[in-house]
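Enquirer: predicted coordinates and the sequence they were generated for:
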Number of protein chains: 4
Amino acid sequence: MSSTIGEKIRVSIFGQSHGEAIGAVVDGLQAGEKIDEEALAAFMARRAPGKVLSTARREQDRVRILSGLAHGVTCGAPLALVIENTDQHSADYDLLRRLPRPGHADYPAHVKWQGMNDVRGGGHFSARLTAPLCAVGGILMQIYERRGIFIGAHLASVCGVKDTPFDPMNVTADDFALCASRYPAVMNQAAGEEMMRAVAALQQQGNSGGGVVECAVLGLPVGLGSPIFDGLENRIAKAVFGIPAVKGIEFGEGFSAAGMTGFENNDPYTVRDGRIELLSNHAGGILGGLSNGAPLVFRAAFKPTPSIAAEQRTVDLKTMEPANLRVGGRHDPCVALRAVPCVEAACAVALCDEIL
Amino acid sequence: MSSTIGEKIRVSIFGQSHGEAIGAVVDGLQAGEKIDEEALAAFMARRAPGKVLSTARREQDRVRILSGLAHGVTCGAPLALVIENTDQHSADYDLLRRLPRPGHADYPAHVKWQGMNDVRGGGHFSARLTAPLCAVGGILMQIYERRGIFIGAHLASVCGVKDTPFDPMNVTADDFALCASRYPAVMNQAAGEEMMRAVAALQQQGNSGGGVVECAVLGLPVGLGSPIFDGLENRIAKAVFGIPAVKGIEFGEGFSAAGMTGFENNDPYTVRDGRIELLSNHAGGILGGLSNGAPLVFRAAFKPTPSIAAEQRTVDLKTMEPANLRVGGRHDPCVALRAVPCVEAACAVALCDEIL
Amino acid sequence: MSSTIGEKIRVSIFGQSHGEAIGAVVDGLQAGEKIDEEALAAFMARRAPGKVLSTARREQDRVRILSGLAHGVTCGAPLALVIENTDQHSADYDLLRRLPRPGHADYPAHVKWQGMNDVRGGGHFSARLTAPLCAVGGILMQIYERRGIFIGAHLASVCGVKDTPFDPMNVTADDFALCASRYPAVMNQAAGEEMMRAVAALQQQGNSGGGVVECAVLGLPVGLGSPIFDGLENRIAKAVFGIPAVKGIEFGEGFSAAGMTGFENNDPYTVRDGRIELLSNHAGGILGGLSNGAPLVFRAAFKPTPSIAAEQRTVDLKTMEPANLRVGGRHDPCVALRAVPCVEAACAVALCDEIL
Amino acid sequence: MSSTIGEKIRVSIFGQSHGEAIGAVVDGLQAGEKIDEEALAAFMARRAPGKVLSTARREQDRVRILSGLAHGVTCGAPLALVIENTDQHSADYDLLRRLPRPGHADYPAHVKWQGMNDVRGGGHFSARLTAPLCAVGGILMQIYERRGIFIGAHLASVCGVKDTPFDPMNVTADDFALCASRYPAVMNQAAGEEMMRAVAALQQQGNSGGGVVECAVLGLPVGLGSPIFDGLENRIAKAVFGIPAVKGIEFGEGFSAAGMTGFENNDPYTVRDGRIELLSNHAGGILGGLSNGAPLVFRAAFKPTPSIAAEQRTVDLKTMEPANLRVGGRHDPCVALRAVPCVEAACAVALCDEIL
């Protein structure tokens, strides 16, 4: 258990922020799927550090495929992916073994592993582990697109600044491409600019901000998913909470549905050109855990980056005395900004047992 | 996959709303755990139908334990639980094979299983399947309580009417007992009465309402959980989305955290009587997927009951023509009301691989 | 873990020899499969007690299907099967909590579960638990036969008396039907009679005997199975060792292959009517864990029944003094005799993730 | 499924014989376990090619640990191990895409993966994949030894030449060390020399031989294992059949038990110095799938190496005409010789969910 997900197709993620390398193994992919390494690099670049308002850590995040291919095509053997860590500054983190950072896993991980955990950069809990998640998700998305299934996401809000939401009835793959081409990934460019100003202002105060990522899936056949514990909501939630800093997820109307009436929230059916269609999409494309033919839509809430420069109260684990801490190192002032492809990737990973 | 959850301890739920019986198998429970069948019956009664503003279906929901016990104590063999269905009125549902109900799994289940699915009462998708979930959860909660771990929930809101929230720093097992003793399960009795009036008003209009259930766990040791895909958030989300009508889940500040700053949202540490404590609980007791010693707090959003008496548009699957539908049968006008013990039970099931 | 097997399709077996009921849940079966309950009863009858030279315990072993069907056809929901225990004589077993029977799980189970295990009839370790295994296997075999896949077995040897082995190149479904129609299940009726005489002679001495069951599968498509840990050999071995008393398994030439040369043991290919065929079948139809188109053939070794009337040395767990024991109760003098359908059923269960 | 094993601790093996690298990920190991890389290299050397009567392929099989350690000690994060392939001669294998080798997975793998499988050296089916298995097993054995649990194996027979068997009552860790220090790994040096002569004679004829490996485990606590499908026999069988060329496995008396009487085969108990002991060990230390305190003993049968220089009949998959084949390349004339540490490693992997 822990860093492995899936049954038919098993994804196993490994690595620590400041270890030698991070990566993933994908066991169970069918043979004959071409992997476009250039397109994968472009997908990885959307998550990679080194952008405006992101950590100054420089990582190329080149994905090296150790196994699973023959002549550039999957051969039925497990796919093994490795990304070398090349720009670790572990000296920044020496005090952290004693002073757990508020909002990070430092303290509970220290207790869980009796002080043996790798504290450098958060170790296995680091958001850097979303790089192999993106590598796997990026490959799966290539395979899905050949089957007419598209996944895309954007920043629904950052520091309270809202983007135009996806239209749950009419969102398109072009919307996905547009958002993927922008940083930050937004539908409305002006909103994106305002988001960046808000984040920059917080950073200058030694503070940080949060955001919400909205994600959609197009082209799913009707009836995908399974009842009770393996519905699409269960699967996607399990995978998306694998991204550090996610604190909530909702599908379709989500929490708003709790305040609606049945008549408002139900999505009626109609027939158009001999095909059954929905007249609204409050359910986010999922009923009883199964895809219903409408776009699948969900949102994930990201808390503000816990690593902040401002002084915070903590405890010295050695002396068991209160202490103060300013988190040094190089940190994103808003993890949501780079999390957009991570949400797409987590969604891709969540769906692979059902699609493939 | 599908109706099975857990790795070390596997819970497998079976049954259809109008089949002979529903039930569950729990494989992997340790030996030596006493099961108090009277306390279990009391827990089941909190979920059982037949209350004010609930379906008129009468089911005793007596849990018969077929195996797994010797002399009233678990013996290491799998626990098998059966609840007979005694009050099915399947005639109500005959048209449903042709006319899928908006907001239900009928249509995607029809496609998934090529029309072979059991449509009576929603079959395996029915909220009736939360009865075996509660049976398993109720048993687990007895075992947890002996270890000092308590789970409790209440209605945070119904039809927009809000209850007093749990205090995330100071919620107690007494709060849980208070809410469990009330129907609806609320902290503030006046709020509960207003909720019932709001639901009754919707029911008279042939309509229905939704709600939010807030759940907390006390007494978890620090460091429970696992990184990435098996954190407490992933596990709880996977289980809670197993309850029909749940459309969102959030931990601690959840979606609100997306609008907070890092300085506001981080929970600083202090030392009190030689023990590490948190000065706030915005994280809902979870950091990096691990318990941090504060109360674990989450909320689940329930959509309004999709079965409503008002006329709705649908499609005749036989003729592929548009059709209108009034859903007959006996339905709760607000599923959230009876869902409180279900959320506690799902949380108990989610945690068993970590606690036991 | 423990009494659950399978990933795509999960089979979970429950019950104790002298509990209220035993049974199984099968989660993941596709919809639309008819279950012939009469044919299932006939399959169960091959295993049922009450035969010549078997325990005098009378159990009808009627399989009651609690869920998973709609109109006699699987509906996509988990299948739940229950068999009531009706003829328990637990008084026979009272001393067993103190005096562990040699050759049984009594002593290690006592240690594992700190004396909380159900000792009556061996509890969850009893060969009676092969009844639900047979119920599941019998249902799967009905489904397989519609796909042209047949499983059959016979007694290769009992107490050293050998039956004519299956011809690994030319075994047929008629051979299976012939063996299934006989008790004991043999190709050569005279061998069967000699087996029964040998077992009767041992029983009269208060002793017991062992045997080998040979099983074959016809009609498997080429390429079924998976590399390394989920090959057909791994899967079948894991399931067949789930039958009490099995102490060995071998595929094709098995242990004999260790003494052969590569030239003798390799199975050359040829082309016949445009189809690839093997010129011999030393591999038992499996190469690299994958089916190769030849009949799948394996043998399972059953130790002699450990419950014998003759006096044996044991230990009193209460006084920690040596003690003597004569095992009373009603026991088969050779468990292999009734194990033939169990091996077929275990094989069917092992293959379901690959076939369905 | 396929190249992943374990539930609590998940081992995932990747790589192809002639790919860039092979390796494994181990998820779920507890923190604080020191890994002695020198001892691991010594264990790997027992399996490594380049010995007398083994393939001429030169591989150092140095295990590079990419993650899971902090300061040489496990840190709770998944362990990722990589072994580079450095001496591939793929030109040897070009014809194999057309001419499947008898006794290899070539043909069924071609069908399973529609000709997309990596045929070079057998790809993912190669015995080379036992290198990462040994790396994982070698690490686990270091951890077990600190808990007083020892695993050892020897060649029970090669080409019909028999070694002195382990004494099932009195085998010691010194016996294991002796066998591990010898190549071939035998108790009786003279038998080992005769084995080598027999193998050499077969090799000169362009032929190959098989063998049986006997393995024992000392120090297991009583009551390890689980009933029905997760007994020690099921787990060990599932893992050991993951080694290419294994065609049979038996525990204790195994197939011989089928010809014994209950009185002969049962292991009586006695009390010695206040501890319960067995007076014989026909069961191989396992009753009802649980360890009983006696040494765990099993044997695995290895078929003769299928790659032989002598001409064999096969089929040209392109023309669908019969063809003849002489397998070139560099092959072990008896895979059993180098398989001894692989059996130990597979056993170690099989037990980790129960021991750790």
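Expert: On my side now, so go ahead.

Enquirer: how many other residues sit next to the closest residue to A:Met195 other than its chain neighbours?
Expert: Nearest residue to A:Met195, sequence neighbours excluded (C-beta to C-beta, 6 or more residues apart in numbering or on different chains): A:Val158, at 3.9 Å. C-betas here are computed from N, CA, C, even on glycine. Using other C-beta atoms under 10 Å in any protein chain shown, A:Val158 has 28 other residues around it.

Enquirer: and what of A:Leu155?
Expert: Neighbour count of A:Leu155, defined by other C-beta under 10 Å: 27.

Enquirer: quick one, phi psi at the residue nearest to A:Met195?
Expert: A:Val158 has phi and psi values of phi -140, psi 130 when expressed as degrees, to the nearest 10.

Enquirer: pull the contacting residues for it.
Expert: If you count contacts by C-beta atoms under 8 Å, 6 or more residues apart in numbering or on different chains, A:Val158 has them with A:184, A:195, A:198-199, A:209-212, A:334, A:336-337.

Enquirer: reformat those residues as CSV; add neighbour count and secondary structure.
Expert: CSV is the format used below for the contacts of A:Val158 (neighbours: other C-beta atoms under 10 Å in any protein chain shown; DSSP: H, G, I helix; E, B strand; the rest coil):
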residue, neighbour count, secondary structure
A:Pro184, 26, coil
A:Met195, 26, helix
A:Ala198, 18, helix
A:Val199, 28, helix
A:Gly209, 30, strand
A:Gly210, 29, coil
A:Gly211, 31, strand
A:Val212, 24, strand
A:Cys334, 30, coil
A:Ala336, 32, helix
A:Leu337, 26, helix
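
Enquirer: ok, so of the residues you listed, who is nearest D:Val25?
Expert: Closest to D:Val25 out of the contacts of A:Val158 is A:Ala336 (29.3 Å), distances taken as C-beta to C-beta.

Enquirer: just checking, that closest one touches B:Ala257?
Expert: No - using C-beta atoms under 8 Å, A:Ala336 is not in contact with B:Ala257, being 10.7 Å away.

Enquirer: overlap of the contact sets of these two?
Expert: Residues touching both A:Ala336 and B:Ala257 by C-beta under 8 Å, 6+ apart: A:210, A:302.

Enquirer: which residue does the stretch 51-200 of chain A have closest to chain C?
Expert: Residue nearest to chain C within the stretch 51-200 of chain A (C-beta to the nearest C-beta): A:Ala77, separated by 7.3 Å.

Enquirer: is the closest residue to that residue other than its chain neighbours in a helix, a strand, or coil?
Expert: Setting aside the residues directly before and after it, A:Ala77 is nearest to D:His124 in space (C-beta to C-beta, 6+ apart), at 3.5 Å. In three-state terms, and counting by DSSP: H, G, I helix; E, B strand; the rest coil, D:His124 is helix.

Enquirer: what's the angle from the helix or strand hosting A:Ile249 to strand B:246-251?
Expert: A:Ile249 is part of strand A:246-251, with elements assigned from DSSP states H and E. Strand A:246-251 and strand B:246-251 meet at an angle of 170 degrees, taking axes from the mean of the first three to the mean of the last three C-alpha atoms, to 10 degrees as the criterion.

Enquirer: quick one: strands adjacent to strand A:246-251?
Expert: Strand pairing for strand A:246-251, determined by DSSP bridges: strand A:296-302 (antiparallel), strand B:246-251 (antiparallel).

Enquirer: residues near A:Arg147, how many?
Expert: The number of residues packed near A:Arg147 is 12, by other C-beta under 10 Å.

Enquirer: and the average pLDDT for the strand holding A:Ile249 is what?
Expert: For strand A:246-251, the mean pLDDT works out to 98.

Enquirer: please state the offset of that strand from the chain centre?
Expert: Remark: strand A:246-251 is offset 11 Å from the chain centroid, using C-alpha atoms, centre = their mean, to the nearest Å.

Enquirer: leaving out chain neighbours, which residue sits closest to A:Ile228?
Expert: Nearest non-adjacent residue to A:Ile228, counting by C-beta to C-beta, 6+ apart: B:Ser3, 4.3 Å away.

Enquirer: quick check, that neighbour in contact with B:Gln16.
Expert: No - using C-beta under 8 Å as the test, B:Ser3 is too far from B:Gln16 to be in contact (11.2 Å).

Enquirer: which residues are in contact with each of the two?
Expert: With C-beta under 8 Å, 6+ apart as the test, B:Ser3 and B:Gln16 both reach B:124, C:77.

Enquirer: quick one: which helix or strand includes the residue of the stretch 51-200 of chain A closest to chain C?
Expert: Short version, using DSSP H and E: A:Ala77 is in no helix or strand.

Enquirer: how deep is it tucked in, by neighbour count?
Expert: Neighbour tally, A:Ala77, other C-beta under 10 Å: 31.

Enquirer: likewise for A:Gly148?
Expert: Here the number of neighbours of A:Gly148 (other C-beta under 10 Å) works out to 11.

Enquirer: what's the closest non-adjacent residue to it?
Expert: Nearest to A:Gly148 is A:Gly219, by C-beta to C-beta, 6+ apart, at 4.4 Å.

Enquirer: what's that neighbour sitting at in phi/psi?
Expert: phi 90, psi 10.

Enquirer: contacts only, for it.
Expert: Here A:Gly219 is in contact with A:144, A:147-150 (criterion: C-beta under 8 Å, 6+ apart).

Enquirer: what score does it have for pLDDT?
Expert: At A:Gly219, pLDDT is 98.

Enquirer: roughly how far does it sit from D:Ile151?
Expert: Using C-beta to C-beta, to the nearest Å, A:Gly219 is found at 51 Å from D:Ile151.

Enquirer: do the same with A:Ile151
Expert: Using C-beta to C-beta, we find A:Ile151 at a distance of 46 Å from D:Ile151.

Enquirer: ok, A:Val52 next?
Expert: Distance of A:Val52 to D:Ile151, given as C-beta to C-beta: 56 Å.

Enquirer: look at the two and report which has more neighbours.
Expert: D:Ile151 (26 against 10).

Enquirer: strand partners (parallel or antiparallel) of the helix or strand that contains the more buried one?
Expert: Per DSSP H and E: D:Ile151 is located in strand D:150-158. According to DSSP bridges, strand D:150-158 forms sheet pairs with strand D:161-162 (antiparallel), strand D:211-218 (antiparallel).

Enquirer: can I get the strands paired with strand A:246-251 in CSV with distance to C:Trp113?
Expert: Listed next are those as CSV, based on distance: least, C-beta to C-beta, whole Å:
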stretch, distance to C:Trp113
strand A:296-302, 43
strand B:246-251, 36
